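Asker: Build me a model from this:
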Amino acid sequence: MDYKVLAAAIQRWITRVVEEAGRLGVVLGLSGGLDSGVGAALSAGALGPERVLALSMPCGGDPDDVADARRLADVLGLELKPIDLSPVLKALVEVGGAPASDTMALANAKARMRMVTLYAHSEGRLVQGTSNLSELSVGYWTKWGDGAADFLPQAGLYKDEVRQLAEALDLPRWLVDREPSAGLWEGQTDEGEMGVSYRQIRCFFDPAYAREHPGALTPEAADKIENLVARNRHKMEPIPGFDARGWISENG
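Answerer: Residues are numbered from 1 along each chain as shown. Purely as a prediction, here's the structure:
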């Protein structure tokens, strides 16, 4: 695949999505990681950097993430607005809105606060999500957090394809090679949290890719992926609602 041609196709799509929505531009979270970096580069190329607002939203994470977001914003010529959400999380814990001892609850709260912040800055802009196909396929995202966005340019690309797209976009090597992490707690990595690698996830869903990487998908990894999909299926389906009208027509 020619990833430069693919990048151009995605950029044309972004332009169309924004124009059809009647919006001036987009806003997205810039973490200094691969997915957000590629998303920012695609929209900057499609719309011009002056129409892309990037928010850096640290919340007690690694200070290097903020520095990396700044480095990438400078490379792309983007406006970067830093917003420290640590006091917001602290207040949420203090009023009992999130249990301080529950690591996953706090991680989900961070993801949701970031999306709330993006929408607070969305007047005249669409909120751009940066999830990739690997994460979407197994439900590795927070409902109403990073799973809530107006459009997803990378939704059809597995993680390794996002990396190749980054190379085609001439993004910095340090970004391309960075270990995937949402930075939700100290030492957190995406693959460590899921318990499987991005290569194994693609092998599970892409038979042709699996044939090119024999032995990559072990039975243990396949079981873990099946469990991830089953556990997160509720994220991928419409919100269920009780059919009161149907019940009334049958029983009323």
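Asker: number of nearby residues for residue 123?
Answerer: Residue 123 has 9 neighbours, counted by other CB atoms under 10 Å. Every residue, glycine included, has its C-beta placed from N, CA and C.
Asker: Make residue 1 into 2 and carry on from there
Answerer: Sounds good: first residue 2 from here, last item residue 124.
Asker: Any figure for the gap between it and residue 28?
Answerer: Residue 124 is 9 Å from residue 28, where distance means CB to CB, to the nearest Å.
Asker: Verify the stated contact: residue 65 with residue 32.
Answerer: No: between residue 65 and residue 32 there is no contact under CB atoms under 8 Å: 10.8 Å.
Asker: what about these two, which has more around it?
Answerer: residue 32 (26 against 11).
Asker: Please identify which helix or strand holds the more buried one.
Answerer: Remark: residue 32 resides in no helix or strand, with elements defined by DSSP states H and E.
Asker: Look up phi and psi at it.
Answerer: Here is the backbone geometry of residue 32 (degrees, to the nearest 10): phi -100, psi -10.
Asker: go on, residue 53?
Answerer: phi -120, psi 120.
Asker: Equivalent analysis for the one 10 residues further on, please.
Answerer: Dihedral pair for residue 63: phi -70, psi 120, per degrees, to the nearest 10.
Asker: Secondary structure class of the nearest residue in space to it that is not next to it in sequence, three-state.
Answerer: Leaving aside its chain neighbours, residue 63 sits nearest to residue 184 (5.9 Å; criterion: CB to CB, 6 or more residues apart in numbering). Of the three states, residue 184 takes coil under DSSP: H, G, I helix; E, B strand; the rest coil.
Asker: Wait, residue 184 touches residue 62, no?
Answerer: Yes: assessed by CB under 8 Å, residue 184 is found in contact with residue 62 at 4.0 Å.
Asker: Could you verify my assumption that residue 87 touches residue 61?
Answerer: Yes: using CB under 8 Å, residue 87 is in contact with residue 61, at 5.0 Å.
Asker: so which helix or strand takes in residue 230?
Answerer: Taking DSSP H and E as the criterion, residue 230 maps to helix 220-232.
Asker: In terms of secondary structure, what does that helix contact?
Answerer: Packing partners of helix 220-232 (3 or more CB pairs under 8 Å, 6 or more residues apart in numbering; DSSP states H and E): helix 134-139, helix 199-206.
Asker: Take those and write them to JSON lines, including mean neighbour count and distance to residue 153.
Answerer: Below are the helices and strands packed on helix 220-232 laid out as JSON lines (neighbours: other CB atoms under 10 Å; distance: least, CB to CB, whole Å):
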{"stretch": "helix 134-139", "mean neighbour count": "22", "distance to residue 153": "8"}
{"stretch": "helix 199-206", "mean neighbour count": "22", "distance to residue 153": "17"}
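Asker: Do you have the helices of the stretch 2-151 of the chain handy? List them.
Answerer: Ranges of helices within the stretch 2-151 of the chain are 4-21, 35-48, 64-77, 87-95, 104-121, 134-139, based on DSSP state H, counting those that start in this stretch.
Asker: Would you reformat the ones you listed as TSV and include distance to residue 148?
Answerer: Below are the helices of the stretch 2-151 of the chain laid out as TSV (distance: least, CB to CB, whole Å):
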stretch	distance to residue 148
helix 4-21	18
helix 35-48	13
helix 64-77	20
helix 87-95	19
helix 104-121	8
helix 134-139	8
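Asker: Please identify the most buried of the ones you listed.
Answerer: Among the helices of the stretch 2-151 of the chain, helix 35-48 has the highest mean neighbour count (mean count of other CB atoms under 10 Å), at a mean of 25.
Asker: what's the angle from that one to helix 64-77?
Answerer: Interaxial angle, helix 35-48 versus helix 64-77 (axes from the mean of the first three to the mean of the last three CA atoms, to 10 degrees): 20 degrees.
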